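Peer 1: coordinates only, sequence not included:
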DNA sequence: ACGGGGCACTTGTTTTTTACAAGCATCGGT
DNA sequence: ACCGATGCTTGTAAAAAACAAGTGCCCCGT
């Protein structure tokens, strides 16, 4: 399997990269991610579990039943890839 | 919609980025892509249609019923993003 | 000239993934 | 004691992907 395929094994699922993008600047809570991304709640829960299992992010307990999701070093290492993809997406496709 | 979301609109579908990666070095034919990627044939046909419509690749007619798929400039512009994702995927996740 | 094989796909059908909708447990404040 | 916010879970329906088989076309060898 190519390195790209290995990366997509973790990040290829829908919403995964968008979740990581949201967390690049600062940790966020579940409800914040939900609101800003508009992702269905069960998908969000599933992706967060998968991304945590893959070592991309971790949960920081805040108070009582609230927690924040923060990127690990491995998650932060995705910045370059996300920037590259974003700038590609920003260019208009020739019509 | 963020730029990343715009990029994923085109590239987020399964196999899309892997197809582009295969074409980075040289144009390839349908059967080559199929063999090297192991992608189901109906998915390959669908993705190639979508990627062509998005201006990422184009078909070069070869002879009779054979053609090659080649990246456009817009497709080649994905090289940085693919390299970044690949090198991320090449790192071992801390176990 | 005709038959077989490779190429580039379609066209069903099943399985997996995603979306949508609703509900549940916990805590903290009033 | 009750209400609302938060962070989920549990169904179920719709969409996407995988699997399997078949089609039309042209070329090449005999």
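Peer 2: That came through fine. Just so we're clear, the structure is a prediction, and the values are computed from it rather than from any experiment.

Peer 1: so what's the nearest residue to residue A:61 once chain neighbours are set aside up against?
Peer 2: Spatially, and ignoring its direct neighbours in sequence, residue A:61 is nearest to residue A:67 (5.0 Å; CB to CB, 6 or more residues apart in numbering or on different chains). (Each C-beta comes from the backbone N, C-alpha and C, glycine too.) By CB atoms under 8 Å, 6 or more residues apart in numbering or on different chains, the contact set of residue A:67 is A:29, A:30, A:59, A:60, A:61.

Peer 1: now do 7 Å
Peer 2: A:29, A:59, A:60, A:61 (CB atoms under 7 Å, 6 or more residues apart in numbering or on different chains).

Peer 1: keep only those of those residues that are in helices.
Peer 2: Among the contacts of residue A:67, none falls in helices (DSSP state H).

Peer 1: show me these that map onto strands.
Peer 2: Secondary structure from DSSP state E places A:29, A:59, A:60, A:61 of those in strands.

Peer 1: save these as a markdown table, and put in neighbour count and pLDDT too.
Peer 2: What follows is the ones in strands among the contacts of residue A:67, written out as a markdown table (neighbours: other CB atoms under 10 Å in any protein chain shown; pLDDT from 0 to 100):
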| residue | neighbour count | pLDDT |
| --- | --- | --- |
| A:29 | 14 | 96 |
| A:59 | 13 | 94 |
| A:60 | 12 | 92 |
| A:61 | 9 | 87 |
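
Peer 1: now those as TSV including distance to DNA strand C?
Peer 2: Below are the ones in strands among the contacts of residue A:67 laid out as TSV (distance: CB to the nearest atom of the strand, whole Å):
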residue	distance to DNA strand C
A:29	14
A:59	16
A:60	16
A:61	11
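
Peer 1: ok, these vs chain B, which is closest?
Peer 2: Chain B has its nearest neighbour among the ones in strands among the contacts of residue A:67 in residue A:59, at 16.5 Å by CB to the nearest CB.

Peer 1: for that closest one, list each beta-bridge partner.
Peer 2: Beta-bridge pairing for residue A:59 (DSSP bridges): residue A:69.

Peer 1: might one say that it is in contact with residue A:69?
Peer 2: Yes: the criterion here is CB atoms under 7 Å, and residue A:59 meets it with residue A:69 at 6.0 Å.
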